[in-house]
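# structure here, sequence nowhere to be found:
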């Protein structure tokens, strides 16, 4: 198993692009915009606390949002001052390995389902203003698709101590990304998709134990381009509620798909409307490289966060 992991890691590193985090990775609420519990894959969370955590340990609130319905599932963990907590997202019953160090006295809160994907928010809950600042990162390895990626959690930069600042928990309204250059390779070489998380103030949903329903309507702005910059008109929109997958075909008419063909293309996509508290989108791009691409890329999956340029 160790040799297989090392081989996958080294080979995938040729093409992997790290998922960039907006702002600092240190805050009281951290957003991890993608995890998977697909059979054989491991999503591994690493959390650490600062020097001012309370003596009895910081209460951590894990909020998983998973599946096509972006279903809410939450629970509590604990970390102490200057501690490191590292564990699989999935429980052992769901295919995870548990804690990286079995004797670690910290307490994780695991996700109990295999074969799903989603995003995670982790916050401190201890009632002491200014204490318990956490930072963290997520590492994902999927030997089946060749995905190997590591990224820092995205900070909201706000205190979430209870009860004074409960309203800040999961408040990511500072994320306002809403324009994306969605490019894709020839379909015979690469299968391209995006996983978008609608950001905003999730606090009310978290406090109520409800599903986050922030929504963003993506549009192709009435035109798409083939790989040689030829434009083809036609307007298509795609609504993301909470989070979801976007395919190139989701933002093209059938005529545009036929005209663009199989050699790749470009869509200048923007959010035309936000709803239910959405303020921005964290857009992650997944590119699965097919056998026709040849060595050393074939069999790998690349993952990165899309930038949000002005058009």
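Alright, I've got the coordinates. None of the values given here were measured: they were computed from a predicted structure.

# quick one: what helix or strand has the residue nearest the centre of the chain in it?
The chain has residue 33 as the residue nearest its centroid, 2.0 Å off, counting by C-alpha atoms, centre = their mean. For residue 33, the enclosing helix or strand under DSSP states H and E is strand 29-36.

# what sits against the closest residue to residue 97 other than its chain neighbours?
Once flanking residues are discounted, residue 97 sits nearest to residue 88: 4.9 Å by C-beta to C-beta, 6 or more residues apart in numbering. (C-beta placed from N, C-alpha, C; glycine too.) Counting by C-beta atoms under 8 Å, 6 or more residues apart in numbering, residue 88 touches 42, 43, 44, 45, 96, 97, 98, 110.

# which residues does the residue nearest to the third one when sequence neighbours are not counted bridge with?
If I follow you right, that is residue 44. Once flanking residues are discounted, residue 44 sits nearest to residue 139: 4.6 Å by C-beta to C-beta, 6+ apart. Listed by DSSP bridges, the beta-bridge partners for residue 139 are residue 44, residue 150.

# pull the number of nearby residues for residue 139.
Per other C-beta atoms under 10 Å, the neighbour tally for residue 139 reads 14.

# ok, now residue 39?
That count, for residue 39 with other C-beta under 10 Å as the rule, works out to 12.

# and residue 116, by the same measure?
Residue 116: 17 neighbours (other C-beta under 10 Å).

# do the same with residue 255
11.

# circling back to that earlier point, most neighbours, which of the contacts of residue 88?
Result: residue 45 is most packed of the contacts of residue 88 (other C-beta under 10 Å), 26 neighbours.

# roughly how far apart are that one and residue 111?
10 Å (C-beta to C-beta, to the nearest Å).

# quick check: beta-bridge partners of the residue nearest to residue 97?
residue 44.

# go on, residue 36?
residue 117.

# verify the stated contact: it with residue 66.
No: using C-beta atoms under 8 Å, residue 36 makes no contact with residue 66, being 9.9 Å away.

# thinking again about what came up before, was I right about the residue nearest to the centre of the chain contacting residue 284?
Yes: under the criterion of C-beta under 8 Å, residue 33 makes contact with residue 284 at 6.0 Å.

# can you show me the strands along the stretch 51-200 of the chain?
58-66, 71-79, 84-88, 117-124, 134-142, 147-152, 154-155, 179-184, 190-200 (DSSP state E, counting those that start in this stretch).

# ok, which of the ones you listed comes nearest residue 106?
The closest of the strands of the stretch 51-200 of the chain to residue 106 is strand 84-88. By C-beta to C-beta, the value is 4.1 Å.

# which of the residues in that closest one are buried?
Residues of strand 84-88 classed as buried: 85, 86, 87, 88 (neighbour count, 16 or more other C-beta atoms under 10 Å).

# what's the answer for stretch 96-105, then?
For stretch 96-105, by 16+ other C-beta under 10 Å, it's 96, 99, 104.

# ok, now stretch 178-191?
Those would be 178, 179, 180, 182, 183, 184, 185, 186, 187, 189, 190, 191, for stretch 178-191 by 16+ other C-beta under 10 Å.
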